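Undergrad: only geometry, no sequence info:
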């Protein structure tokens, strides 16, 4: 066979979108800190010992008595799970939700990914929080959206700043918010701002993705009613990953029926359907309200204690050299060094001291958050957290004095 | 607040890609035929009673004794599962495979979906089989690829026709083939054509996706060595859905390391990671060679018997009015009516007779396959298949005579 060599490409390429993608800093860090001797405050891992493994094993045993637990299932999710989610979410938003307006996804990350494809064309404007959840930023960047950051303060997204930008002509296709116990900032969007944000969506005609994996993890009192209680332009996401087990890979979205149908259509091509087995397990656990209430109370109390332990250790170790947001729930504490410490550089030293965290820059859109860090308090008990802070203090001292361990 | 109503869109839209997508005909049919009285030869459901539920329950019990079974896992898959898959696939392709060149996916459908995003830009040319697997066609259409069909015959894809098109200037970015026990045609790509196709990929510089969910389901003899044995431009896909259980949602791909890394990067945003629980279950089952060999022998014998039962019933019922491909494995039998029957219209009548199949048109790219149908023989035993064919014969008679049941 003869060919003009210039007429073909002998080395097949990847798509052009791959050139612009970068790996999630958090995921790369998880690889970096996989050594067992590292105390990783970096990952967002729920406490393994609080995951109800025995209850999951019992539910798995019962599910596997049903032949349907091993077969393909409906793309939009196991019907009884959609009903359970609709009932629970209906209580939160204060109105009845039709199970047809619920789609079960492979964790809420899949909901984000499918929604980006359903709602966004390349070049569309997406308002995100600054700092923002890296998994959402990655999805919107993959969708080639134009990201416009809006600052967070102690009451969550600054909706007055958003309104000002809208008045000046900003026309987002959607606004993404982690309304409860923000990742990475830990803050809660205030009740007033929820009403305000919903009103802006109605007035300016944008979608809101209310991304709420942490809402059940409150310490003293539940967060205010969801943004979704105030507008039907809200697609609300949540998950069993932080309350039941990450490995079930059960997330969900609910909202506008057209959006649900479009998500289902894309999910057919994305992965056909979720696991009937893990969905049946989740249905049993989420449907057993007495057990779930007790389980959640245990997790809340443990996480509240861990947050307190972490913050006490940080205050004892660093005093005025750091500030931190008050933590009312969730899994994360956001700290800022007042002494000019560059947290990306500090991380290098910290890993040498067998402790890890996520530098603020990983969550940045327009700002690099160079002196900030996200610490996860959920994974370890107080004693390990205290040891982690000791190591962080030693790393910080070494970093400030220019000593590099292991160099 | 005052606003110029023309300056904003008060009804948020979906993305433009949603306008061009259509639901998979197969998925819609599954909904249509969910009534329990319908004998559905339409779905591609493995025999539920042959799924090793007890073995899965034992493996689940053992997995859940390990705390890692409930936690987040690596995006590319549970390391021991990647090792098990690499070892098994290495035997098939006749060379050692590095586990780093394996990515575990949420069924092989997710592998297809991620590969389309990794490899394709809008407008890229993709060669597909005519008729082709609808789940692949849907993914490539979502990626806005230009589909170029190549005909199938009893030896699979007509690689001589492909070569002719390449000589005339066709420059595909990738070629998709279901090499073993084709869906929907049931045919096997011949050994000679595998070598030929691989050589064309090397010569013309395109990727091949060798999509092989059915290869283990041979009746008399295994299929020839995979296309991936002959070129490193092949990304090979397979799955535990047809051999273990659909609900584990365990698929995998292996091939070029750059492609694997790009798939992993996109999977971070798509769903973070698979289920540690179902991956650990699959690892135990795929790693227990003695048990697996026996299990697969049972499934092969059962499916061979069912294929024989279906074809015997069809021949008795329809005689010369239909032709069918010889079936050597897999789950599907492709039939063509010689009497001009329009199978899309026949389906309407058939559903009224409580039997369903997939009309050829669902698999068409440039051709409508108006007289063809795909029948799945895997789901039911021979007696039910015979009853299904009886109903199909009655529906065919009613259709031909213009009688419409229930009209």
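TA: That came through fine. Computed from a predicted structure; not experimentally measured.
Undergrad: Just the helices from the stretch 51-200 of chain A, written as ranges.
TA: In the stretch 51-200 of chain A, the segments counted as helices under DSSP state H, counting those that start in this stretch are A:53-63, A:79-93, A:107-119, A:134-142, A:159-167, A:191-204.
Undergrad: So is the second one next to chain B?
TA: Spelled out, it's helix A:79-93. No - Helix A:79-93 stays clear of chain B (CB under 8 Å from any CB of the partner chain), getting no nearer than 10.6 Å. Backbone N, C-alpha and C define where each C-beta goes, glycine included.
Undergrad: which outside residues touch that helix?
TA: Outside helix A:79-93, the residues within contact range by CB atoms under 8 Å, 6 or more residues apart in numbering or on different chains are A:76, A:96-104, A:215, A:225-226, A:228-229, A:236, A:238, A:250, A:252, A:254, A:279-280, A:282-283, A:286-287.
Undergrad: Could you identify the buried members of these?
TA: When those are checked for burial by 16 or more other CB atoms under 10 Å in any protein chain shown, the buried set is A:76, A:97, A:99, A:101-104, A:215, A:226, A:228-229, A:236, A:238, A:250, A:252, A:254, A:279-280, A:282-283, A:286-287.
Undergrad: Those also near chain B: which ones?
TA: Okay, of the buried ones among the contacts of helix A:79-93, nothing touches chain B (CB under 8 Å from any CB).
Undergrad: Filter these down to just the ones in strands.
TA: A:102, A:103, A:104, A:236, A:238, A:252, A:254 (DSSP state E).
Undergrad: out of those residues, who's nearest residue B:49?
TA: Here the nearest of these to residue B:49, counting by CB to CB, is residue A:104; it sits at 26.0 Å.
Undergrad: out of the helices of the stretch 51-200 of chain A, nearest to residue B:294?
TA: That would be helix A:53-63 among the helices of the stretch 51-200 of chain A, by CB to CB, at 23.9 Å.
Undergrad: Ramachandran angles for the nearest residue to residue A:173 once chain neighbours are set aside?
TA: Counting by CB to CB, 6 or more residues apart in numbering or on different chains, residue A:173 lies nearest to residue A:124, which is 4.1 Å off, once chain neighbours are set aside. For residue A:124, the backbone dihedrals are phi -60, psi 150 (criterion: degrees, to the nearest 10).
Undergrad: pLDDT weak spots in the stretch 1-150 of chain A?
TA: A:1-11, A:22-33 (pLDDT under 70).
Undergrad: do that again at 50, thanks
TA: Under the criterion pLDDT under 50, the flagged ranges of the stretch 1-150 of chain A are A:1-9.
Undergrad: mind checking how far residue A:130 is from chain B?
TA: The spacing between residue A:130 and chain B, counted by CB to the nearest CB, to the nearest Å, is 19 Å.
Undergrad: among the ones in strands among the buried ones among the contacts of helix A:79-93, which two are most distant?
TA: Most distant of those, by CB to CB, are A:104 and A:236, 13.6 Å apart.
Undergrad: so what sits against both of these two?
TA: Joint contacts of residue A:104 and residue A:236 (CB under 8 Å, 6+ apart) do not exist.
Undergrad: check contacts around residue A:359.
TA: Per CB under 8 Å, 6+ apart, neighbours of residue A:359: A:25, A:343, A:344, A:346, A:347, A:369, A:372, A:373.
Undergrad: Of the residues you listed, which is the nearest to chain B?
TA: residue A:25 (10.8 Å; CB to the nearest CB).
Undergrad: With adjacent residues omitted, what lies nearest to residue A:175?
TA: residue A:127 (4.2 Å).
Undergrad: Residues in a beta bridge with that neighbour, which ones?
TA: Residue A:127 has these beta-bridge partners by DSSP bridges: residue A:148, residue A:175.
Undergrad: How many neighbouring residues does it have?
TA: For residue A:127, the neighbour count with other CB atoms under 10 Å in any protein chain shown is 26.
Undergrad: what residues are up against it?
TA: So residue A:127 contacts A:148, A:149, A:150, A:162, A:170, A:172, A:174, A:175, A:176, A:206 (CB under 8 Å, 6+ apart).
Undergrad: Make sure residue A:269 is actually in contact with residue B:137.
TA: No - contact criterion CB atoms under 8 Å: residue A:269 and residue B:137 do not qualify, at 9.5 Å.
Undergrad: what about those two, which has more around it?
TA: residue A:269 (27 against 24).
Undergrad: name the element that one belongs to?
TA: helix A:257-271 (DSSP states H and E).
Undergrad: Could you name the helices and strands sitting against that helix?
TA: strand A:102-105, helix A:107-119, strand A:251-254, helix B:107-119, helix B:134-142 (3 or more CB pairs under 8 Å, 6 or more residues apart in numbering or on different chains; DSSP states H and E).
Undergrad: I'd like to check what contacts the third one. Which residues are they?
TA: Okay, so that is strand A:251-254. When contacts are defined by CB under 8 Å, 6+ apart, strand A:251-254 is touched by residues A:77, A:82, A:85-86, A:89, A:97, A:101-111, A:115, A:213, A:228, A:235-241, A:260, A:263.
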